[in-house]
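> have a look at this prediction, sequence included:
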Amino acid sequence: MRYKLDHISLGSVFKVTFVLGLILGLIVGVLYGLITMTGVAAYGFQALPLGYGVVGAVAGGIVGGILAAIIAVIYALLYNTTARITGGLEFELSEAVVYPGAPAAAPTPGYAAPRPAEAAPRCPRCGGPLRYIKDYERWWCDNCRQYV
């Protein structure tokens, strides 16, 4: 099935990239803090107290989160503007692969769940039909000659 992405929610982009930027900024901040506390001593400078490292980590996390979110929102805004002119991205989604023994997903509102007879399990490697081997209580792929 073919779909088109017309619009990206700026709020959701901001939330996700802020958290990711916060995490990555914290990691960079910790590295910066370690370097300022210990690395400068190797070059003959006096090592800085632990407080500088903590401040570097926290500041790196906050600044990283804010910068990542601002940049991502600008990109999303530019995409939304460009999508109005060009029609947006087109993409295809394949059917979900049902793995034997996987817990059943919650039904999506507005969609009818397929009947068990319609949802024949397929091999995740080759896409061929699977056969249930009762003695071993496992699914077998005749094409791959392996259990799934």
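Good, I have the coordinates. The structure presented is a predicted model; accordingly, all values stated were derived computationally and were not measured.
> residues contacting Trp8?
You called it Trp, but residue 8 is Ile. For Ile8, the contact set (Cβ atoms under 8 Å, 6 or more residues apart in numbering) comprises Ala76, Tyr79, Asn80. Heads up, the C-betas are built off the backbone N, CA and C, glycines and all.
> wait, a strand at it?
No - assessed by DSSP: H, G, I helix; E, B strand; the rest coil, Ile8 does not belong to a strand; its assignment is coil.
> let me have the contacts of Ile8 in CSV, adding distance to Leu10 as columns.
Listed next are the contacts of Ile8 as CSV, based on distance: Cβ to Cβ, whole Å:
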residue, distance to Leu10
Ala76, 5
Tyr79, 10
Asn80, 8
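> would you map out the domains in the protein?
2-92, 121-148 (automatic domain parsing).
> of the ones you listed, flag the one that's most buried.
Comparing these by mean neighbour count (mean count of other Cβ atoms under 10 Å), domain 2-92 ranks first with a mean of 15.
> downstream of whichever helix in the chain runs longest, the next helix or strand is which one?
Ordering each helix of the chain by length in residues (DSSP state H) puts helix 50-86 first. With elements assigned by DSSP states H and E, the helix or strand that comes after helix 50-86 is strand 89-92.
> send the alpha carbons of that following strand over as PDB?
Output in PDB follows, covering the C-alpha atoms of strand 89-92 (Å, rounded to 0.1, in the frame of the first residue of the first chain):
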ATOM      1  CA  LEU A  89       7.400  11.900   0.600                       C
ATOM      2  CA  GLU A  90       5.800   8.700  -0.800                       C
ATOM      3  CA  PHE A  91       6.500   5.400   0.900                       C
ATOM      4  CA  GLU A  92       5.200   1.800   1.000                       C
END
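> now do Gly53, the pLDDT please.
Note on Gly53: pLDDT of 67.
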